[in-house]
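A.B. asks: give me the fold of what follows.
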Amino acid sequence: MDLSIWIVFIGTALIGICAALVGTFTFLQKKSLIGDAISHSILPGIVLAYMVSGQRTTWILMLGAFCAGWLATQQISWLQRKTKLKSDAIVAATLSIFFAFGLALLSYIQGRPDDGQAGLSDFLFGKIAALDLQDLYLFLGVSIVIVTTVFLRYRVMFSFAFNKEFMISKGFSLRWNDFILNSMTILVVAMGVQAVGVVLMSALLIIPVLSARMLTYRLSRILTFALLFGTFSSLLGSYISILGKNIPTGPCIIMVLSACAIVVAITVKIQSKGKNYGK
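C.D. replies: Residues are numbered from 1 along each chain as shown. The predicted structure follows:
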C-alpha cells in the first residue's frame, strides 16, 4: 500500500481517538454544545492565518484555529458570567457570529485572482488526501498531549462529570477544569477539521460517545466503545473518500458513524424488547 494512504489512515485514526477521548468528557459534563461552537468558530482563525502567512501549512492554520477557538470560549465564558442569558443562546450566538465572519473572509479571499487559496474551502467539509508526513508528526504530537492530559486528569474529570459540587467543596477549581477541557476540545477540533471539516467536526465529538452511552453506563466501557466507534468510522470513512471521486472526507466519516449509531440503537431496542418479553 502506498505510503500516502498509510499517512491518511494513521492521521484519521489519531483524530478519531482524540475526538472520542475528549468528546466523552464534554458529553458527561454536559458541554457538547461547546464542541459545536468551537468547530464552527475556528473558521475565521484558519482564514486569517492564511491571509497573514500566505501559506496553507497545517501547523500555521492549526495555530490560527486554536486562537479563534480560544477567543470563542472566552466570549462564551464572559457572557455566561456577565449576562443572564441562557447557555444555549450564548453558544448559538457565538457560533453564528464567528462562522459568519469566517464565511465572509473565505468568500473575500476566494474572489481574489490568486488561485492558491481556493483549497481553503476544503476545511468546510474536510479533505484529508493532501495530508503529508510532517502533518502526521504534528497530529501525533497533539495526540500525545491530549492522551497524556486525559491520563493524568482522569479521576478529576470523572469526578467533575458526576459530582461537581463535591469537587468544588474539596478546593478543585471549576474554571481551571473548564479551561483544560476547552483547550483539549480546541486542539482536537483544530486537528480534525482537515479531515472532517468545521461543519461536521462536532459530530465526531458527540456521536461516538452517544453510541457508547446506549450500550453501557460505566465510564471505562463508554471510553472503550467510543474509541472503537470513533476510530473505525474515521478509518472506513476516509477509505470510502479515497475510493470515491471528489467525495469530501467529513461526510463519509459521519455517515459511517451515524450508521453505527443506528445499528446500536436498533440492537439495544431489540434486546430490551426481548428482556421484557421474557419477563
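A.B. asks: so where's this structure uncertain?
C.D. replies: 1, 112-120, 129-130, 246, 274-279 (pLDDT under 70).
A.B. asks: the residue nearest to Lys31 when sequence neighbours are not counted: which element?
C.D. replies: The spatial neighbour of Lys31 that comes closest, neighbours along the chain excluded (C-beta to C-beta, 6 or more residues apart in numbering), is Leu181 at 6.9 Å. Using the backbone N, CA and C atoms, a C-beta is placed for each residue, glycine as well. Per DSSP states H and E, Leu181 falls inside helix 174-192.
A.B. asks: after that helix, which helix or strand is next?
C.D. replies: Beyond helix 174-192 on the C-terminal side, the first helix or strand identified by DSSP H and E is helix 201-215.
A.B. asks: residues of stretch 98-109 that come out buried?
C.D. replies: With burial defined by 16 or more other C-beta atoms under 10 Å, the residues of stretch 98-109 counted as buried are 98-99, 101-103, 105-106, 109.
A.B. asks: so who does Ser87 touch?
C.D. replies: By C-beta atoms under 8 Å, 6 or more residues apart in numbering, Ser87 lies in contact with 33, 80.
A.B. asks: quick check, central residue of this structure?
C.D. replies: Among the residues of the chain, the one closest to the centroid is Val189, at 4.1 Å (C-alpha atoms, centre = their mean).
A.B. asks: and the gap between that residue and Ile254?
C.D. replies: Here the criterion is C-beta to C-beta, to the nearest Å. By it, Val189 lies 14 Å from Ile254.
A.B. asks: report the longest helix in the chain, please.
C.D. replies: With DSSP state H applied, the helix covering the greatest number of residues in the chain is identified as helix 249-278.
A.B. asks: circling back: the residue nearest to Lys31 - how many residues pack around it?
C.D. replies: 24 (other C-beta atoms under 10 Å).
A.B. asks: could you number the chain from 35 rather than 1 from now on?
C.D. replies: Noted, 35 is the first residue going forward, which turns the last one into Leu215.
A.B. asks: dump the residue contacts of it.
C.D. replies: For Leu215, the contact set (C-beta under 8 Å, 6+ apart) comprises 56, 59-60, 63, 65, 191.
A.B. asks: from these, pick the one nearest Phe206.
C.D. replies: Looking at the contacts of Leu215 and their distance to Phe206, the nearest is Met191, at 10.5 Å (C-beta to C-beta).
A.B. asks: number of nearby residues for the closest one?
C.D. replies: Around Met191 sit 23 other residues, with neighbours defined as other C-beta under 10 Å.
A.B. asks: which residue is the nearest non-sequential neighbour of it?
C.D. replies: Once flanking residues are discounted, Met191 sits nearest to Phe59: 4.9 Å by C-beta to C-beta, 6+ apart.
A.B. asks: surely the one you found meets Ser193?
C.D. replies: No. Contact criterion C-beta atoms under 8 Å: Phe59 and Ser193 do not qualify, at 11.1 Å.
A.B. asks: what about these two, which has more around it?
C.D. replies: When neighbours are counted by other C-beta under 10 Å, Phe59 and Ser193 differ, and Phe59 comes out ahead with 24 against 15.
A.B. asks: buried residues in the one helix or strand that one maps to?
C.D. replies: For Phe59, the enclosing helix or strand under DSSP H and E is helix 37-62. Buried residues in helix 37-62, defined by neighbour count with 16+ other C-beta under 10 Å: 41-43, 45-62.
A.B. asks: which neighbouring elements make contact with the following helix or strand past it?
C.D. replies: Once the chain leaves helix 37-62, the next helix or strand it forms, by DSSP H and E, is helix 66-75. Counting contacts by 3 or more C-beta pairs under 8 Å, 6 or more residues apart in numbering; DSSP states H and E, helix 66-75 packs against helix 37-62, helix 92-116, helix 121-144, helix 208-226, helix 235-249.
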